[in-house]
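**Student:** what's the 3D shape of this:
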Amino acid sequence: MSTMPDAPPARRPAPRKRYIGLALLIIANVLIELLLEAADYGLVGSGRWRSLAYQYGAFWAGLLHDWQPNYAAQPYVMFVSYAFLHAGFSHMATNMLALWTLGVLVVRQMGPRAFALIYFAAMLGGGAGFGLLSHSPQPMVGASGAIFGLIGAWQYLDWHQRRRTGLPVKPLLRSLFVFLLLNVALWAVMQGQLAWETHLGGFAAGWGVAALLMRLRPPEPGYFEKTRS
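**Tutor:** Okay, here's the model as predicted:
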């Protein structure tokens, strides 16, 4: 009777490899905006490229009602494509800085697959929030809905940790209040051009998916005690 060696433990992604998906996501957003910027300055293509990108890829709330789409799948594709378009370089750069900061946090705490699922769900949730709550005839673009989904996931993890370890929830409520004030302030500064509906939908989706993932795959015993140290 021969003995077989124990099966090797499942390999976890190397620390750097865990962030490849996040890095590729940021690179895609940057390259798209740089291409449109180059077209705006007449360096490549046509000055109409940005306008065409918005016409075909931005989120138009009217397409969920009685507007005529440019192509049959547009009312569905726009739930994803809008998150890869931005209103300019500064808009993109601000979103990508937030995406990296929050993305690293979520990947570190939940893993790259959970990050990808939360981000994708938040894109859909952000589009749904804008489509249901906004009657604006203007297009909506930007990754902020998905980014607010990461905020929602982060806040859920904080709430879950506090509930499990008996910590007070007042700091969490204060941070949520700060995010609310930030949206109100940005809405005022941008003269009502802030798509708060997208932020709300993305946040709710991120919170909900994080809650579902934690229920399907509970953390190991002692996990939250280790994160406090």
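
**Student:** only C-alpha atoms for contact and neighbour calcs from this point on.
**Tutor:** OK.

**Student:** with adjacent residues omitted, what lies nearest to Ala204?
**Tutor:** Gly152 (6.5 Å; Cα to Cα, 6 or more residues apart in numbering).

**Student:** make sure the one you found is indeed in a helix.
**Tutor:** Yes - with DSSP: H, G, I helix; E, B strand; the rest coil as the criterion, Gly152 is part of a helix.

**Student:** which intervals of the protein have sub-threshold pLDDT?
**Tutor:** 1-14, 167-175, 177, 183-193, 218-229 (pLDDT under 70).

**Student:** buried set for the helix or strand where Gly145 lies?
**Tutor:** Element membership of Gly145 [criterion: DSSP states H and E] is helix 144-165. Neighbour counts over helix 144-165 (16 or more other Cα atoms under 10 Å) mark 144-162 as buried.

**Student:** hmm, who's touching that helix?
**Tutor:** Under the criterion Cα atoms under 8 Å, 6 or more residues apart in numbering, residues 83, 95, 98-99, 102-103, 105-106, 115, 118-123, 125-127, 167-169, 172, 198-211, 224-225 lie in contact with helix 144-165.

**Student:** restricted to buried residues, select the residues you listed in ChimeraX.
**Tutor:** If you want just the buried ones from the contacts of helix 144-165 in ChimeraX, going by 16+ other Cα under 10 Å, the selection is:
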select :83,95,98,99,102,103,105,106,115,118,119,120,121,122,123,125,126,127,198,199,200,201,202,203,204,205,206,207,208,209,210,211,224
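
**Student:** ends of stretch 130-146, what's the gap?
**Tutor:** 12 Å (Cα to Cα, to the nearest Å).

**Student:** use 34 as the first number from now on
**Tutor:** Sounds good: first residue 34 from here, last item stretch 163-179.

**Student:** what about Leu118, distance to Leu246?
**Tutor:** 28 Å.

**Student:** wait, I meant His232
**Tutor:** For His232, the distance to Leu246 - Cα to Cα - is 21 Å.

**Student:** same question, Arg49
**Tutor:** Arg49 is 23 Å from Leu246, by Cα to Cα.

**Student:** and the two? which has more neighbours close in?
**Tutor:** Shown here are Arg49 and Leu246; by other Cα atoms under 10 Å, Leu246 has more neighbours (15 against 7).

**Student:** what sits against the more buried one?
**Tutor:** Leu246 neighbours (Cα under 8 Å, 6+ apart): Ala147.
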